[in-house]
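J.: Okay, sequence plus prediction incoming.
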Amino acid sequence: MGSWVLLGYRLPREPSTPRITVWRKLKRLGVAQLSDGMVALPADARTREQLEWIAEEITGAGGDASIWLAQPATLGQERDLARRMAAARAEEYAAITAEAATSIHRIVSSRS
């Protein structure tokens, strides 16, 4: 089984801008959402560094953040993490594909 880097965090509700910014950055990284305020990525130097930067941003905005290295207790749990990450990416790709199709349809329709 592989190692995972986890970020546990909590941000104040107000102002909402830091929470939104952090969530967008986490989404771009492709994290698996384990629970509210707990995300995971496969552990490597890049993902650990990225989550450390986000943790610093969280504490700078008045929140709490901690980084953990972990291994799932079972192969099934690791597969579940990987499945959740893949499902989230599939949703994002489907949204991008739908947006592209809509744009193409508008362009074709405007030329008719």
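T.: Yes, it's here. Numbering: from 1, shown residues only.

J.: so where do the helices sit in this structure?
T.: Remark: helices assigned in the chain by DSSP state H are 17-29, 45-60, 75-111.

J.: Could you check the ones you listed and tell me which one is nearest residue 2?
T.: Between residue 2 and the helices of the chain, the shortest separation by Cβ to Cβ is 6.7 Å, and it involves helix 75-111. The C-beta positions use only the backbone N, C-alpha and C, and glycine is treated the same way.

J.: Next, the buried residues of the closest one.
T.: Residues 78, 81, 85 are the ones in helix 75-111 that count as buried (16 or more other Cβ atoms under 10 Å).

J.: Among those, show me the least confident.
T.: Within the set of those, pLDDT is lowest for residue 85 (77).

J.: hang on, that residue packs against residue 34?
T.: No: contact criterion Cβ atoms under 8 Å: residue 85 and residue 34 do not qualify, at 11.0 Å.

J.: list the helices and strands the helix or strand of the chain with the lowest mean pLDDT packs on?
T.: The helix or strand of the chain with the poorest confidence is helix 75-111; it has a mean of 81 (mean pLDDT, DSSP states H and E). Contacting helix 75-111 under the criterion 3 or more Cβ pairs under 8 Å, 6 or more residues apart in numbering; DSSP states H and E are the following elements: strand 32-35.

J.: what's the average pLDDT for the strand it packs on?
T.: In the prediction, strand 32-35 has an average pLDDT of 88.

J.: Does anything pack onto it? Which helices or strands?
T.: Partner elements for strand 32-35 (3+ Cβ pairs under 8 Å, 6+ apart): strand 38-42, helix 75-111.

J.: The ones you listed: which one's closest to residue 4?
T.: strand 38-42 (4.7 Å).

J.: For that closest one, which outside residues touch it?
T.: 2-9, 26, 29-34, 47, 50-51, 70, 81 (Cβ atoms under 8 Å, 6 or more residues apart in numbering).

J.: if we can go back for a sec, now the angle from the least confident helix or strand of the chain to strand 38-42?
T.: Angle, helix 75-111 to strand 38-42, by axes from the mean of the first three to the mean of the last three Cα atoms, to 10 degrees: 90 degrees.
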